[in-house]
Structure formats: C-alpha cells, structure tokens
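Student: Sequence first, then the predicted structure, then my questions.
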Amino acid sequence: MSVQTWVGPSLLCRVVEVWHPNSEGGCSLQTMPSLSTRLTSLPIMKRPRPTPPPTPPLSTTKPRSQTHHTKKSKPTTIKWVPLNLTQSELSLPLTFPTGQTFRWKQTGPLQYTGVVHSHLVSLNHLQNGDVSYCLHHTTTSETSARFAELACHLGGARVLRQDPLECLIQFLCSSNNNIKRITKMVDFVSSLGNYLGTVEGLQFYQFPSLEQLAMVSEAQLREAGFGPNIVGTVNALQSKPGGGAEWLASLRNLDLQEVIDALSTLPGVGPKVAACIALFSLDQHHAIPVDTHVWQ
C-alpha cells in the first residue's frame, strides 16, 4: 500500500483496502491514493510513533436487505497509519459533525468513519494526544480581535476539500432542512453507490456517479423526500461538455464570482448553496455562505 507515513500521537487513520473482482475471475487490490479531502497545511513537528488502538470490527459482507449489488468482495485488510496531526491541528468533533459534510459517521467515542472516493477511512483521536501551538491562529488573530477570542476554543476546526459532485448533491438536500433530515437524505443517495463495508453497524458506500444517479426514478426520489431539483441538476450536469464531473472540477480554476454564476445555472442552486459548494469543494476559501441564521 502506497501511503504517506506521518507520525503523531493524537490522530490515527485506518485505511480499508477493498478487493475488486476482475475480468479474469480473480481479485485486484485498489490501493489508497493521497487523501482528497484536503486539510489546510500547517507547520508540523515530527513525533514518536504511538501504539495503534484496537481495530473496531469491520464487515464487508453485503446486508441481505441491500440487493442492488451482487458482486462478492474478498475480506479486507486493515492497517492503522499514524498521522502527524495533533488535536489543535485537526479536531474531528469540530470538523465533521458541523454541517459542511453529512457522510462522516461517529463510530466510536473519538472516532469518525467516512468514504473518500472508493476508500473507507476511519480517523481516531488518541486519549492522551498532545495539543500543539498553531501558527495560523497567530497570523489571523493579529487582524481580527473576534478571531483571537474564538481561536483558543476552536483549535483543530477545519474546512474540508470535498469531491465537487458529492458536495453539490449534499447541499441540494440542505434547502429548508435541518441536519438530521439532510443526513437521512444523503444516506439514501449514498446507498445508490457501491457498498464498501460496515463499521460498528453503520453501512458505508462509495458516492454514486452521475450515471448511477440518473438511473434512479423520480418516484424513488420523491419517496426519499427529494424535489425535482436533483433530477434537473443531474440532467444538466450530464449535458455539460466533457461530462458533469469534469465541468465541476474545472470551476476550481475560476474566480469566486464566476464559480457562483456557473453553479447558479443548475436547478435548485441559489447564492447560499453555491457559496457552500465553492467553499467546501472548489478551493474558494474566501466564500462566505450567508443565510437567515447568519443575519440573525
């Protein structure tokens, strides 16, 4: 497995390697690429390698109730890889359950599990993790008294760099909804993708492609609580030159206003949803999503 080896006592990353059947009747191993959910880079100090915690049970057996995938997978190989990140550099509770993504689940007291492309990943804080000083806070605090006040309470909060299609569909679910309902809708959409495994009783799937989303009937989507916007958006993306996924990724090369204007041509995408997608997946770090809660 080709993985960058980082050392640090407060955060571990478990990589699940999934075996895929090939055309010759055997199985091939897809190794994990560099993590695409990118975190803001910070100065890092080398630390001694910690002892990995016990691995939680993971099952890759398809639940009987899920019948839309029939291929059998070879049992997975699990490895824990230490990351050179302390809790002040990445706090899982202040990053995942905050409304910027709805696909990472808490699978332990200090553990979160999610999917990065076709890979199932668990992140876990160690109980005795050190807290190191973050220079980023110092630089920003010099220009913002309010940030200086909040920074000491929010060490490790991070903005994720998500897959643009995954982020777009998630925030189409967010209009006039709360996090609990959004999560339920996103779970339904996720279940349309390829099944990857079960961790602590929670099932995880690769996010579906545009082609997989296009195969779902409007009746199924209505039953799951969706309006017509998701169908219109999928159709609009499929008509883009080069394909919708490539078109979305190309927006990372544009200025913020151009990104907002382009996203706003999709059904159901207004200024607030467009700003969320721009901030959380298209490298527009100066985008500020504004809704009624912000004004209040």
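Tutor: The structure has been received and is ready for your questions. Numbering: from 1, shown residues only.
Student: Could you use CA atoms for every contact and neighbour count after this?
Tutor: Fine.
Student: Assumed residue 234 was part of a helix.
Tutor: Yes - looking at residue 234 with DSSP: H, G, I helix; E, B strand; the rest coil, it is inside a helix.
Student: wait, isn't it in contact with residue 213?
Tutor: Yes - here residue 234 reaches residue 213: they are 7.2 Å apart, a contact under C-alpha atoms under 8 Å.
Student: who's in contact with residue 210?
Tutor: Residues near residue 210 by C-alpha atoms under 8 Å, 6 or more residues apart in numbering: 234, 237-238, 244-245.
Student: same thing but at 7 Å, please
Tutor: By C-alpha atoms under 7 Å, 6 or more residues apart in numbering, residue 210 lies in contact with residue 234.
Student: Give me the buried positions along whichever strand or helix holds residue 230.
Tutor: Using DSSP states H and E, residue 230 sits within helix 229-238. Judged by neighbour count (16 or more other C-alpha atoms under 10 Å), helix 229-238 contains these buried residues: 229-231, 233-235, 237-238.
Student: Equivalent analysis for stretch 118-128, please.
Tutor: By 16+ other C-alpha under 10 Å, the buried positions in stretch 118-128 come out as 118-126.
Student: Could you give the average pLDDT over that stretch?
Tutor: Across stretch 118-128, pLDDT averages out at 73.
Student: what's the answer for stretch 236-247, then?
Tutor: The average pLDDT for stretch 236-247 rounds to 90.
Student: contacts for it?
Tutor: 165, 266.
Student: next one: stretch 214-221
Tutor: Applying C-alpha under 7 Å, 6+ apart, the external contacts of stretch 214-221 come out as residue 234.
Student: which of the residues in that stretch are buried?
Tutor: Within stretch 214-221, the residues scored as buried using 16+ other C-alpha under 10 Å are residue 221.
Student: before we move on, what about stretch 238-250?
Tutor: Buried residues in stretch 238-250, counted by 16+ other C-alpha under 10 Å: 238, 244-245, 247-248.
Student: and if you look at stretch 89-108?
Tutor: 89-93, 95-97, 100-107.
Student: For the nearest residue to residue 272 once chain neighbours are set aside, give me the pLDDT.
Tutor: Nearest residue to residue 272, sequence neighbours excluded (C-alpha to C-alpha, 6 or more residues apart in numbering): residue 289, at 5.1 Å. As predicted, residue 289 sits at a pLDDT of 78.
Student: Make TSV out of the buried residues of stretch 238-250 and add secondary structure.
Tutor: Output for the buried residues of stretch 238-250, formatted as TSV (three-state DSSP):
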residue	secondary structure
238	helix
244	helix
245	helix
247	helix
248	helix
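Student: quick revisit: just the buried residues of stretch 118-128: which are in helices?
Tutor: Assignment to helices by DSSP state H places none of those there.
Student: Closest one of those residues to residue 256?
Tutor: residue 118 (29.2 Å; C-alpha to C-alpha).
Student: Report the separation between that closest one and residue 209.
Tutor: Distance of residue 118 to residue 209, computed by C-alpha to C-alpha, to the nearest Å: 11 Å.
Student: Check residue 215 too.
Tutor: Taken as C-alpha to C-alpha, the span from residue 215 to residue 209 is 10 Å.
Student: Look at stretch 264-282 and report the distance between its end residues.
Tutor: 14 Å.
Student: what does that stretch contact?
Tutor: Applying C-alpha under 7 Å, 6+ apart, the contact partners of stretch 264-282 are 100, 159-164, 167-168, 171-172, 229, 232-233, 236, 251-252, 259-260, 263, 284-285, 287-291.
Student: Name the residues of that stretch that come out as buried.
Tutor: Under 16+ other C-alpha under 10 Å, the buried positions of stretch 264-282 are 264, 266-270, 272-282.
Student: could you pull out the strands for the stretch 101-250 of the chain?
Tutor: Shown for the stretch 101-250 of the chain, the strands assigned by DSSP state E, counting those that start in this stretch span residues 105-108, 111-116, 119-125, 195-199, 202-205.
Student: one step back: now, which of the contacts of stretch 264-282 lie within helices?
Tutor: 164, 167-168, 171-172, 229, 232-233, 236, 259-260, 263.
Student: Looking at those, which is nearest residue 195?
Tutor: Out of the ones in helices among the contacts of stretch 264-282, the member with the shortest distance to residue 195 (by C-alpha to C-alpha) is residue 167, at 19.3 Å.
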